[in-house]
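K.L.:
Have a look; sequence and predicted model below, questions after that.
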Amino acid sequence: MTETIIWRESPFGPCVSDHDGVLMYGILVESGHASYDFDFVIQDSDLQVLKANPARADALYWALTTCLQKHKNDFTQDQMDILLRDTLHSSAADFESFLDRFSAAHHIALRGYIERSTR
């Protein structure tokens, strides 16, 4: 099996790798004293948005990190697909609405994390 990293946000941020033609979004999540690695299948259209739109890439990263810290053992690919849709492919108005809903549901200021991004 061949793995090639084709996008990396930062040395410790998420990355996208090509695993023999299958794109995988890889993320390391810290939870308490433990670190967990996760990989989710994504499509080329997802990769193109990650490369082109830093705010949406950050929204995916922070929303996914939040979900995985709370539900690391039972977060599914189907749930990832919903996050991909809401963060990367929604209209501008729907994206803003998602940020508000997610922030309220998880008691975080998602916009604040996006605005403070180091990129």
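P.N.:
Now that the structure is in, tell me what you want to look at. Please read all numbers here as calculations on a predicted model, not as lab measurements.

K.L.:
Go through the helix or strand containing residue 85 and flag the buried ones.
P.N.:
Using DSSP states H and E, the element containing residue 85 is helix 77-88. Using 16 or more other C-beta atoms under 10 Å as the test for burial, helix 77-88 gives 80, 83-84, 86-88. For the C-beta atoms, the positions are set from N, CA and C on the backbone; glycine is no exception.

K.L.:
Stretch 88-95 too?
P.N.:
Residues of stretch 88-95 classed as buried by neighbour count (16+ other C-beta under 10 Å): 88, 90, 95.

K.L.:
what pLDDT, on average, does that stretch get?
P.N.:
The average pLDDT within stretch 88-95 is 98.

K.L.:
Next, the distance between the ends of it.
P.N.:
Start and end residues of stretch 88-95 are separated by 8 Å (C-alpha to C-alpha, to the nearest Å).

K.L.:
Looking at the buried residues of helix 77-88, spot the one nearest residue 66.
P.N.:
residue 83 (10.1 Å; C-beta to C-beta).

K.L.:
Can you name the next helix or strand after the helix holding residue 85?
P.N.:
Going down the chain from helix 77-88, the next helix or strand is helix 92-106, by DSSP H and E.
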